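Enquirer: everything below, folded, please.
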Amino acid sequence: MSRPLKLRKVCMLPKSSVFSPVGQKRKKNPIFLTIDEYEVIRLLDKEGFSQEQCGEYMEIARTTVQQIYASARKKIAEALVEGFPIRIEGGNYLLCDSKEKTCGCNGCKKQKKYRQ
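Expert: Prediction:
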């Protein structure tokens with residue numbers, strides 16, 4: 001029996017959940033990026049967190065962050081190179097209610113601890 005998946009804490013949902021290349025002659029099936037993959041990309045690449053900080057923030061192991069990050073990067077690379085649209089949805093996540101000690105919602109003061 002496999003171990004149940006732990007929910008990953010996510011600060012916010014993406015402002016746009018679909019990205020599509022302009023000027024395609026035919027529609028292609030989208031590549032699906034999960035909400036937790038989006039959050040790892042946001043925290044590591046946009047916010048500048050280390051993998052350890054990201055793991056603490058999302059309440060998962062650093063090795064899990066590495067696996068999620070590798071999966072997300074592969075999907076994004078495929079979409080960019082092959083011209084596929086990206087759709088962000090699903091995954092195993094728990095949306096932050098902004099009441100936790102490590103909250104990072106919209107510039108919350110608590111997030112500054114993780115930016116150091």
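Enquirer: strands of the chain, start to end?
Expert: Listed in chain order, the strands of the chain (DSSP state E) span 8-10, 18-19, 31-33, 86-88, 93-95.
Enquirer: nearest to Met1, out of the ones you listed?
Expert: strand 8-10 (21.5 Å; CB to CB). Every residue, glycine included, has its C-beta placed from N, CA and C.
Enquirer: state the mean pLDDT of the closest one.
Expert: Along strand 8-10, the predicted confidence averages to a pLDDT of 90.
Enquirer: could you list every helix and strand in contact with the longest helix anywhere in the chain?
Expert: For the chain, the helix with the greatest residue count under DSSP state H is helix 62-82. The criterion is 3 or more CB pairs under 8 Å, 6 or more residues apart in numbering; DSSP states H and E, and the helices and strands that helix 62-82 contacts are strand 31-33, helix 35-41, helix 51-58, strand 86-88.
Enquirer: partner strands of the first one, parallel or antiparallel?
Expert: Spelled out, that is strand 31-33. Using DSSP bridges, strand 31-33 pairs in its sheet with strand 86-88 (parallel).
Enquirer: buried residues, stretch 42-59. List them.
Expert: When neighbours are counted by 16 or more other CB atoms under 10 Å, the buried residues of stretch 42-59 are found to be Arg42, Leu43, Leu44, Glu47, Phe49, Gln51, Gln53, Cys54, Gly55, Glu56, Tyr57, Met58.
Enquirer: what two of those are the furthest from one another?
Expert: When CB to CB is used, the two most widely separated members of those are Arg42 and Glu56, lying 15.3 Å apart.
Enquirer: thinking again about what came up before, quick one: the strands of the chain as TSV, columns for distance to Ile76 and mean neighbour count too.
Expert: As requested, the strands of the chain are arranged in TSV below (distance: least, CB to CB, whole Å; neighbours: other CB atoms under 10 Å):
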stretch	distance to Ile76	mean neighbour count
strand 8-10	18	23
strand 18-19	10	14
strand 31-33	7	19
strand 86-88	7	19
strand 93-95	18	15
